[in-house]
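Student: Sequence and computational prediction follow.
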Amino acid sequence: MKEVLLSLLAGLVVGILFKFLRLPLPAPPVLAGVIGIFGVYLGGVVADWLMKTFFN
């Protein structure tokens, strides 16, 4: 839970900083970004499962 709160805090700080500097946000559109992050996580879980299932 600590990592979740720290990542949320870091994201908020970066978002505020970019808005104050009048820079575009360094993130994809909201839905595409969330789906992309989920895809990366799911890919890691699947890769772990494949390694444990077929290569151990």
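Tutor: Yes, it's here.
Student: Spatially central residue for the chain, please.
Tutor: In the chain, the centroid-proximal residue (Cα atoms, centre = their mean) is Ile37; its distance is 4.7 Å.
Student: quick one, helices of the chain?
Tutor: 2-20, 30-54 (DSSP state H).
Student: Turn the ones you listed into a markdown table, columns for mean pLDDT.
Tutor: Formatted as a markdown table, the helices of the chain follow (pLDDT from 0 to 100):
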| stretch | mean pLDDT |
| --- | --- |
| helix 2-20 | 90 |
| helix 30-54 | 90 |
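Student: Please export the C-alpha coordinates of stretch 20-31 as PDB.
Tutor: The C-alpha coordinates for stretch 20-31 follow below in PDB (Å, rounded to 0.1, in the frame of the first residue of the first chain):
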ATOM      1  CA  PHE A  20       2.900  25.200 -13.900                       C
ATOM      2  CA  LEU A  21       5.600  25.000 -16.600                       C
ATOM      3  CA  ARG A  22       2.900  24.900 -19.200                       C
ATOM      4  CA  LEU A  23       4.200  21.700 -20.700                       C
ATOM      5  CA  PRO A  24       1.900  18.900 -22.100                       C
ATOM      6  CA  LEU A  25       1.300  16.200 -19.600                       C
ATOM      7  CA  PRO A  26       3.800  13.200 -20.000                       C
ATOM      8  CA  ALA A  27       1.000  10.700 -20.100                       C
ATOM      9  CA  PRO A  28      -1.300   9.200 -22.800                       C
ATOM     10  CA  PRO A  29      -5.000   9.800 -22.800                       C
ATOM     11  CA  VAL A  30      -6.500   8.400 -19.600                       C
ATOM     12  CA  LEU A  31      -8.300   5.300 -20.800                       C
END
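Student: re the thing from before, could you measure from the residue nearest to the centre of the chain over to Ser7?
Tutor: In this view, Ile37 and Ser7 are 11 Å apart by Cβ to Cβ, to the nearest Å. Using the backbone N, CA and C atoms, a C-beta is placed for each residue, glycine as well.
Student: who touches both of the two?
Tutor: Common contact partners of Ile37 and Ser7 (Cβ atoms under 8 Å, 6 or more residues apart in numbering): none.
Student: re the thing from before, look up how far Leu31 lies from the residue nearest to the centre of the chain.
Tutor: To Leu31, Ile37 is 11 Å away according to Cβ to Cβ.
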